[in-house]
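Peer 1: fold the following for me, if possible:
(chains A, B, C and D)
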Protein chains: 2
Amino acid sequence: MSVTINDIARLSGVSKRTVSRVINCSPAVGKATRERVLEIIKETGFSPDKQARGLASSRSYLLGLIYDNPDALYIDEVQRGALSVCAELGYELVVHPGSSKRDDFISDCLSFISRSKLDGVIILPPVSENKALAAALREINCPYVRLASVDLDDADNIVVSDERAAMRDMATHLVELGHTDIGFISGPQHYRSSIERLAGFLAELQVYNVKLPTDRIVEGKNNYDSGLACAEQLLNTLPRPTAIVANNDEMAAAVLRVANNLNIRVPDELSVAGFDDNILASRIIPSLTTIRRPVFNMACLAVQKLINKSRNNQEKLALQKTVTPNLVTRESTGRVNG
Amino acid sequence: MSVTINDIARLSGVSKRTVSRVINCSPAVGKATRERVLEIIKETGFSPDKQARGLASSRSYLLGLIYDNPDALYIDEVQRGALSVCAELGYELVVHPGSSKRDDFISDCLSFISRSKLDGVIILPPVSENKALAAALREINCPYVRLASVDLDDADNIVVSDERAAMRDMATHLVELGHTDIGFISGPQHYRSSIERLAGFLAELQVYNVKLPTDRIVEGKNNYDSGLACAEQLLNTLPRPTAIVANNDEMAAAVLRVANNLNIRVPDELSVAGFDDNILASRIIPSLTTIRRPVFNMACLAVQKLINKSRNNQEKLALQKTVTPNLVTRESTGRVNG
DNA sequence: TTGTAAGCGTTATCAT
DNA sequence: ATGATAACGCTTACAA
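Peer 2: From the prediction side, this is the model:
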């Protein structure tokens, strides 16, 4: 059938053990030997069998992606980012959407990992905030990297997007446009990301001495329907806020919808902003001011960290821990009484 | 470490070969023996090692997903559908976005397949229309299933969504609303899906004796920017069409944008429709009349067909070949002069 | 620096 | 119906 390590050994006149050393970049191989073997490998187009390799070394060259996140665009970007690094290094990506609400979620993830002897997993928010999962992974010694909005793990195990800082920028943006009465639709307060975003926003408002009374803050569920409800609550009070910031684009889209129903012009009478820079954000009318995370890069970093761990023989390069999202201003925010 | 087939053999007092037979549902095992072995397996929580299994049987229990499609929502739905079946049957899903424009695309896919000894691949549109790829897969004897809009393969190898029929429904819908002057933004005419959709639409118009002159048909590239250009072309002629149908939601969103810029009210002065039922379609204002494919189910079917093939010993159940998309009517279409 | 031999956990062959 | 034994293609002791 296809060419094996034995063929290479025979053809290059060395033992298979030596071929194995060459494949695995062992330094303990004579230069001449190495070159001869590599030559034969190239000629024959040999590539080592992953399964055999895995069986012998208990590695799989498979990385897992664990998530419970309805945002398909976010996931797609993560996958493409991760794969861009995987491809170079001979790894594949196995996907595993789950539902973190089920009580067998953790054991399901562990089973996923052991089933395919994954070499490591990337965990996306909001699952990445799950302490029990991280603990379970450490327990079974499974390398993992979390993508998160808060610094809740060692640099080896996390890539953080500084969403607090990003929301400070958002606050600055609105204050500079003259807004002093602002509504905020937060995400579920059991998510760290929701807490971070709100905290960053409030902190920066304080700098400008802009107050945001508690009745201007309503808690949504990060989905469209809850966004509608929250928007109605905020827009049916008088005086109305002149701006509403939502914890994500999905809920910001809901604000636009409610404003439209109530004949409130955006941004003339109401500024609206979201978070994510979804496809929605650029397509909806008016297009949405929002915040964009460097998701692709975060995924690249995650894979690099993961592979760094597997190759503990090599010299490890320290990889960046934090990345910075940036504000994207579009049509939905404008001057007060603009 | 973890429990192996040897442990099961020892504990249940049979040979490992017999355990293997039980695992693989071989009929050649006595009932009593089978039950005893299964009992032990359950007690110990044993699950066979995929890599060892693969090495011995040259199977991997891995399915691949090949695509070159920017629609993250479509892909996400496919992944979830495929995994819902994979999970039951002990398979995993490995993702592989590629760029079909590159001339090494096919060899890249083949390498992807052989690298991980995939048991089969699902191919999404528009890559699924690639004849050369399908031929190459048959050549190397790799089971595949294509998701497509046209019946271009055996029932074993394809799941077809009848988009021609769906677009007939769309035509009917518009004619019933009184539209007789309709613009059409097609997709690239080298895609069968684009051809099908346009053909279905035109065929049904003919039934109602509604003409659609060639200058009412412009070819877009299925992306937002091309949609903007096409929409401008159609809307800057007088008299304007009273309805515009686009080959996908992305371009339909562009039509809404241009209409907005030109102060054309939708649907009062212009009806707009798309195809896909993207998240966009329900969020944009006005929400978009569009066509929804049963993508999740298509993916389920694809995986079932794929696994059917691997298990050629078992009795094969004939699986559905064609599925029917359905029209979703929303705010963007309305009566003429409504 | 290189080679020998023993696994890794399954399935496949061929007996019985 | 069941079992002994040899693959499968590679890595990892352990030698030399």
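
Peer 1: and chain A, what are its domains?
Peer 2: A:5-48, A:56-161+A:294-324, A:163-293 (automatic domain parsing).

Peer 1: please identify the most buried of those.
Peer 2: domain A:163-293 (a mean of 20; mean count of other C-beta atoms under 10 Å in any protein chain shown). The way it works is simple: take the backbone N, C-alpha and C, and place the C-beta from them, glycine included.

Peer 1: give me the number of residues near residue A:3?
Peer 2: 15 (other C-beta atoms under 10 Å in any protein chain shown).

Peer 1: check contacts around residue A:58.
Peer 2: residue A:117 (C-beta atoms under 8 Å, 6 or more residues apart in numbering or on different chains).

Peer 1: pLDDT score assigned to it?
Peer 2: pLDDT recorded at residue A:58 is 83.

Peer 1: please apply the same query to the one 4 residues further on.
Peer 2: For residue A:62, the pLDDT comes out at 94.

Peer 1: swap in residue A:46?
Peer 2: pLDDT, residue A:46: 88.

Peer 1: from residue A:23, how far off is it?
Peer 2: Note on residue A:46: its distance to residue A:23, by C-beta to C-beta, to the nearest Å, is 9 Å.

Peer 1: name the residues contacting each of those two.
Peer 2: residue A:5.

Peer 1: sorry, back to before: wait, which of the domains of chain A is closest to residue B:149?
Peer 2: domain A:56-161+A:294-324 (20.9 Å; C-beta to C-beta).

Peer 1: close to DNA strand D, is that closest one?
Peer 2: Yes - using C-beta under 7 Å from any atom of the strand, domain A:56-161+A:294-324 comes into contact with DNA strand D via A:56, A:57.

Peer 1: just the endpoints, please. Distance across that domain?
Peer 2: 41 Å (C-alpha to C-alpha, to the nearest Å).

Peer 1: starting at the chain centroid, how far to it?
Peer 2: 9 Å (C-alpha atoms, centre = their mean, to the nearest Å).

Peer 1: check whether that domain comes near DNA strand C.
Peer 2: Yes - judged by C-beta under 7 Å from any atom of the strand, domain A:56-161+A:294-324 comes into contact with DNA strand C at residue A:56.

Peer 1: repeat that for stretch A:32-41.
Peer 2: Yes - Stretch A:32-41 lies within reach of DNA strand C by C-beta under 7 Å from any atom of the strand, at A:32, A:33, A:34.

Peer 1: and the strands in the stretch 1-150 of chain A?
Peer 2: In the stretch 1-150 of chain A, the strands defined using DSSP state E, counting those that start in this stretch lie at A:62-67, A:92-97, A:120-123, A:144-148.

Peer 1: between these, which one is nearest to chain B?
Peer 2: Closest to chain B of those is strand A:92-97 (C-beta to the nearest C-beta; 4.9 Å).

Peer 1: show me where the stretch 101-250 of chain A has its helices.
Peer 2: Ranges of helices in the stretch 101-250 of chain A, per DSSP state H, counting those that start in this stretch, are A:105-115, A:131-139, A:163-176, A:192-207, A:224-235, A:249-261.

Peer 1: might one say that residue A:317 is in contact with residue A:305?
Peer 2: No - using C-beta atoms under 8 Å, residue A:317 is not in contact with residue A:305, being 9.8 Å away.

Peer 1: got phi/psi on residue A:248?
Peer 2: Here is the backbone geometry of residue A:248 (degrees, to the nearest 10): phi -150, psi 170.

Peer 1: for it, give me its contacts.
Peer 2: A:71, A:187, A:222, A:274, A:275, A:276, A:278.

Peer 1: restricted to helices, list these.
Peer 2: Among these, DSSP state H puts none in helices.

Peer 1: and which of these is nearest to residue A:203?
Peer 2: For those, the nearest to residue A:203 is residue A:275 (16.1 Å; C-beta to C-beta).

Peer 1: phi, psi of that closest one?
Peer 2: Dihedral angles (degrees, to the nearest 10) for residue A:275: phi -160, psi 130.

Peer 1: can you tell me how far it sits from residue A:183?
Peer 2: Distance from residue A:275 to residue A:183, by C-beta to C-beta: 15 Å.

Peer 1: cool, and residue A:282?
Peer 2: Counting by C-beta to C-beta, the gap from residue A:282 to residue A:183 is 23 Å.

Peer 1: go on, residue A:116?
Peer 2: 46 Å.

Peer 1: residue A:149 too?
Peer 2: From residue A:149 to residue A:183 the distance is 22 Å (C-beta to C-beta).

Peer 1: and what of residue A:119?
Peer 2: 46 Å.

Peer 1: again, but for residue A:167
Peer 2: 14 Å.

Peer 1: go on, residue A:47?
Peer 2: 58 Å.

Peer 1: is chain B contacted by stretch A:221-236?
Peer 2: Yes - using C-beta under 8 Å from any C-beta of the partner chain, stretch A:221-236 reaches chain B at residue A:224.

Peer 1: averaged pLDDT, that stretch. What do you get?
Peer 2: Here the average pLDDT along stretch A:221-236 is 97.

Peer 1: list the contacts of it.
Peer 2: A:70, A:183, A:185, A:187-188, A:194, A:216, A:218-220, A:240-241, A:244, A:246-248, A:250-255, A:257-259, A:262, A:264, A:270, B:282-283.

Peer 1: ok, now stretch A:34-44?
Peer 2: A:3, A:7-8, A:11-14, A:18-19, A:22-23, A:29, A:46.

Peer 1: hmm, 10 Å instead?
Peer 2: A:2-5, A:7-14, A:18-19, A:21-23, A:25-27, A:29-30, A:46-48 (C-beta atoms under 10 Å, 6 or more residues apart in numbering or on different chains).

Peer 1: restricted to helices, list those residues.
Peer 2: Short answer: the contacts of stretch A:34-44 in helices (DSSP H) are A:5, A:7, A:8, A:9, A:10, A:11, A:12, A:18, A:19, A:21, A:22, A:23.

Peer 1: isn't residue A:55 up against residue B:53?
Peer 2: Yes - with contact defined as C-beta atoms under 10 Å, residue A:55 and residue B:53 form a contacting pair (9.5 Å).

Peer 1: contacting residues for residue A:194?
Peer 2: Residue A:194 touches A:126, A:149, A:163, A:186, A:187, A:188, A:219, A:220, A:222, A:247, A:248, counting by C-beta under 10 Å, 6+ apart.

Peer 1: repeat that for 6 Å
Peer 2: A:186, A:187, A:188, A:247 (C-beta atoms under 6 Å, 6 or more residues apart in numbering or on different chains).

Peer 1: kindly report the same for residue A:189.
Peer 2: residue A:219.

Peer 1: ok, residue A:294 next?
Peer 2: residue A:323.

Peer 1: let me know the pLDDT of the closest residue to residue A:202 other than its chain neighbours.
Peer 2: Spatial nearest neighbour of residue A:202, chain neighbours left out: residue A:212 (6.2 Å); criterion: C-beta to C-beta, 6 or more residues apart in numbering or on different chains. Looking at residue A:212, its pLDDT stands at 96.

Peer 1: distance of residue A:212 relative to residue A:236?
Peer 2: Residue A:212 is 18 Å from residue A:236, by C-beta to C-beta.

Peer 1: cool, and residue A:26?
Peer 2: In terms of C-beta to C-beta, residue A:26 sits 71 Å off from residue A:236.

Peer 1: please apply the same query to residue A:276.
Peer 2: Taking C-beta to C-beta, one finds residue A:276 at 26 Å from residue A:236.

Peer 1: quick one: contacts of stretch A:80-99?
Peer 2: Under the criterion C-beta under 6 Å, 6+ apart, residues A:61-68, A:105, A:108, A:112, A:296, A:299-300, A:303-304, A:307, B:79-80, B:92-95, B:97, B:116 lie in contact with stretch A:80-99.

Peer 1: end to end on it, go ahead and measure it.
Peer 2: Note: stretch A:80-99 ends 22 Å apart using C-alpha to C-alpha.

Peer 1: just the mean pLDDT for that stretch, thanks.
Peer 2: 93.

Peer 1: export stretch A:31-48 to PDB, keeping only CA atoms.
Peer 2: Extracted as PDB, the C-alpha positions of stretch A:31-48 are listed here (Å, rounded to 0.1, in the frame of the first residue of the first chain):
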ATOM      1  CA  LYS A  31      24.400  14.900   9.700                       C
ATOM      2  CA  ALA A  32      25.200  12.700   6.700                       C
ATOM      3  CA  THR A  33      22.700  10.000   7.800                       C
ATOM      4  CA  ARG A  34      20.000  12.600   8.400                       C
ATOM      5  CA  GLU A  35      20.400  14.000   5.000                       C
ATOM      6  CA  ARG A  36      20.300  10.700   3.300                       C
ATOM      7  CA  VAL A  37      17.200   9.700   5.200                       C
ATOM      8  CA  LEU A  38      15.500  13.000   4.500                       C
ATOM      9  CA  GLU A  39      16.300  12.600   0.800                       C
ATOM     10  CA  ILE A  40      14.600   9.200   0.700                       C
ATOM     11  CA  ILE A  41      11.700  10.500   2.600                       C
ATOM     12  CA  LYS A  42      11.200  13.300   0.100                       C
ATOM     13  CA  GLU A  43      11.600  11.000  -2.900                       C
ATOM     14  CA  THR A  44       9.100   8.600  -1.600                       C
ATOM     15  CA  GLY A  45       6.700  11.100  -0.200                       C
ATOM     16  CA  PHE A  46       6.600   9.200   3.000                       C
ATOM     17  CA  SER A  47       4.600  10.700   5.900                       C
ATOM     18  CA  PRO A  48       4.400   8.900   9.200                       C
END
